[in-house]
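> mind looking at a prediction? Sequence and model below.
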Amino acid sequence: MKDASACQDSEFLLKPVAPALVAGAPFLPLAGGPYGFSRLLVTLLDGDAPVAMEQVSVGQLAEWRADLDPALLEKFDSRLTALTAPRPPMTIPGRAMPLGFGRPMVMGIVNVTPDSFSDGGRFSDVDAALAHGQALIDAGADILDIGGESTRPGAKPVWEEEERQRIVPVIEGLAKSGAVLSVDTRKASVMEAALEAGAHIINDISALTYDDRALAVAAASDAPVILMHAKGTPQTMQDAPVYDHVLAEIYIWLLHRIAACEAAGLGRERLMVDPGIGFGKTVRHNLDVINGLGALHSLGVPQLLGVSRKRFIGALSAEEPAGDRLGGSLAAGLAGLGLGVQILRVHDVRETVQAVRVLQGLAASAVMEQGIDAGR
């Protein structure tokens, strides 16, 4: 690594090794949260291809970085700062309170579609969707994500006007509850209608690439934006997806999307990322990405994880249908929280909130105990 020369497209992928609950040295914090790491797997990338890899302890970092080429040193320091720094609160338009990342948040899913993979259109009626959304709020959801187009594998696009008609009445109704609302869409006109109806956040599975107007619409609004990685479209994404280095490729792709947003006037302080579990990824790809979620904090923005009821859970278990994957959803979601993820996007809000609160209680107790032990 130290002998590697800086390439024009060189970049660092920094993967924390075995993050754990920590209090003080010799650990560094992961995205400013309660989890930290004492070792770092440093990979030098040329484009999105690894060219050198080395594991370094936190105690060795000062000596290790001193021998880096100056151009590489600047990039390394920038990525390490992004990896360890806390995520500042995010302003939400129309709300006095910002979105804070001092604790994990739960985003509840409201699918206003007749063909959802998980709930089979149970909430495609406006009244049913409103009742479901309110139930998720009562169950402890911090955010509601409202979508009118299924993006399950093989799904076909929905006409824009039909998508607007599905979600606008639901957003207008739920906006009265005072909840933070996200619109799950990849179409610019639907984004505009949803924001006007009361949505606060744009959640785009194409990271503002599907619609030529989407980036400009998002930039012109005050709304935070979630950029998700997907390979292909819902119609084609599971047709034997191939990666040479899945985590590195997703990392570089999201890095470029963040840069494109900033160039368009959409500031980093308004951005979040989602690695897109199940969107153009095999079971092995999904597992590699989940295990590598800590590395994506080097992007320097909050991270959302959507594993709820995903197909890979059934593949690892007994091929249960989507509605019977609660246990696997909780296991994968809590694993993500242990890797610093700030938001879980889920169907089963009540159960997830309970699991998150127990995890928080355990974490607080462990950190307090470590602090007491350190002071003896």
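All right, it came through fine.
> I figured residue 50 hits residue 44, correct?
Yes: judged on C-beta atoms under 8 Å, residue 50 makes contact with residue 44 at a distance of 7.1 Å. For every residue, glycine as well, the C-beta is placed using N, CA and C.
> which of these two has more residues huddled nearby?
Shown here are residue 50 and residue 44; by other C-beta atoms under 10 Å, residue 44 has more neighbours (23 against 15).
> helix or strand: which one has the residue lying closest to the more buried one once chain neighbours are set aside?
Closest residue in space to residue 44, ignoring its immediate chain neighbours: residue 52 at 4.3 Å, by C-beta to C-beta, 6 or more residues apart in numbering. Using DSSP states H and E, residue 52 sits within strand 49-57.
> and the helices in the stretch 51-200 of the chain?
Using DSSP state H, counting those that start in this stretch, the helices of the stretch 51-200 of the chain run over 61-66, 70-84, 126-138, 160-175, 188-197.
> can you check the stretch 251-376 of the chain too?
Under DSSP H, counting those that start in this stretch, the stretch 251-376 of the chain gives helices at 283-291, 311-316, 326-338, 349-374.
> at the geometric centre of the protein, which residue sits there?
The C-alpha lying nearest the average C-alpha coordinate of the chain belongs to residue 304 (C-alpha atoms, centre = their mean; 2.2 Å).
> in the sheet, who's paired with it?
Counting by DSSP bridges, residue 304 forms beta bridges with residue 343.
> got a list of what it touches?
107, 226, 272, 273, 274, 341, 342, 343, 344, 345 (C-beta atoms under 8 Å, 6 or more residues apart in numbering).
> would you list those in JSON lines and tack on distance to residue 91?
Shown next, in JSON lines, are the contacts of residue 304 (distance: C-beta to C-beta, whole Å):
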{"residue": "107", "distance to residue 91": "18"}
{"residue": "226", "distance to residue 91": "15"}
{"residue": "272", "distance to residue 91": "13"}
{"residue": "273", "distance to residue 91": "18"}
{"residue": "274", "distance to residue 91": "20"}
{"residue": "341", "distance to residue 91": "21"}
{"residue": "342", "distance to residue 91": "16"}
{"residue": "343", "distance to residue 91": "16"}
{"residue": "344", "distance to residue 91": "22"}
{"residue": "345", "distance to residue 91": "21"}
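> with respect to residue 67, which of those residues is nearest?
When those are compared for distance to residue 67 (C-beta to C-beta), residue 273 wins out at 31.4 Å.
> which pLDDT value goes with the closest one?
At residue 273, the pLDDT value in this model is 98.
> now the closest residue to residue 254 other than its chain neighbours: how far from residue 159?
Excluding the flanking residues, the one nearest residue 254 by C-beta to C-beta, 6+ apart is residue 273, at 5.1 Å. From residue 273 over to residue 159 the distance is 29 Å, taken as C-beta to C-beta, to the nearest Å.
> alright, calling it a day.
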